[in-house]
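Visitor: kindly generate the corresponding structure for this input.
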Amino acid sequence: MSRTNLVRPRRRAGSPHDYAMDAHFSYSRGRRLFSGTARVCDLNAEFVGFESETPPPRGTQVEMHIAWPFLLQNVCPLQLVVQGTVVETDSAGAVVRIDDYEFRTCGRFSFGQAPTAQNACSLIA
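Guide: Residues are numbered from 1 along each chain as shown. Predicted coordinates for the structure are as follows:
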């Protein structure tokens, strides 16, 4: 498989994950923490292919939070949290080999706009 096919995988007809999904990713280099946004264009049991303006470097351990396109019991938003290693990268995106994953519930602002200061509240214990 060529490098281009890895970094910009094509969705297969009838693929069970034929959705473009928003994602956030983070990784650390030394003592610095980096993060970015992505658009997942291919997902299977072993790899996540995504487009990003600031893809992580090859060989980096990343954590991705992917907005899942279905609700839990048609009510609760879900996210797929993936830990893995970047196996291919270029200026347009990357491919992560999945080492571990889990589904988590998430709040309504996880992938949308954060609440404004007037809507924010604090809790003092």
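
Visitor: tell me where the protein has strands.
Guide: 21-29, 32-43, 47-51, 61-67, 78-90, 93-105 (DSSP state E).

Visitor: what is the orientation angle of the fifth one with strand 21-29?
Guide: Computed with axes from the mean of the first three to the mean of the last three CA atoms, to 10 degrees, the direction of strand 78-90 lies at 60 degrees from that of strand 21-29.

Visitor: likewise the fourth one?
Guide: For strand 61-67 against strand 21-29, the angle by the same axes, to 10 degrees is 160 degrees.

Visitor: winner for burial among the strands of the chain?
Guide: strand 47-51 (a mean of 22; mean count of other CB atoms under 10 Å). In this view, the C-beta of every residue, glycine as well, is placed from N, C-alpha and C.

Visitor: what strands flank that strand, and is each parallel or antiparallel?
Guide: Its sheet considered, strand 47-51 pairs with strand 32-43 (antiparallel), strand 93-105 (antiparallel) by DSSP bridges.

Visitor: not counting it itself, show me its contacts.
Guide: With contact meaning CB atoms under 8 Å, 6 or more residues apart in numbering, strand 47-51 is reached by 6-9, 23, 25, 38-43, 64, 66, 82, 84, 87, 92-98.

Visitor: in this protein, which segments are predicted with low confidence?
Guide: 1-19, 107-125 (pLDDT under 70).

Visitor: any chance of the strands paired with strand 47-51 in JSON lines, with distance to G59 too?
Guide: What follows is those, written out as JSON lines (distance: least, CB to CB, whole Å):
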{"stretch": "strand 32-43", "distance to G59": "14"}
{"stretch": "strand 93-105", "distance to G59": "11"}
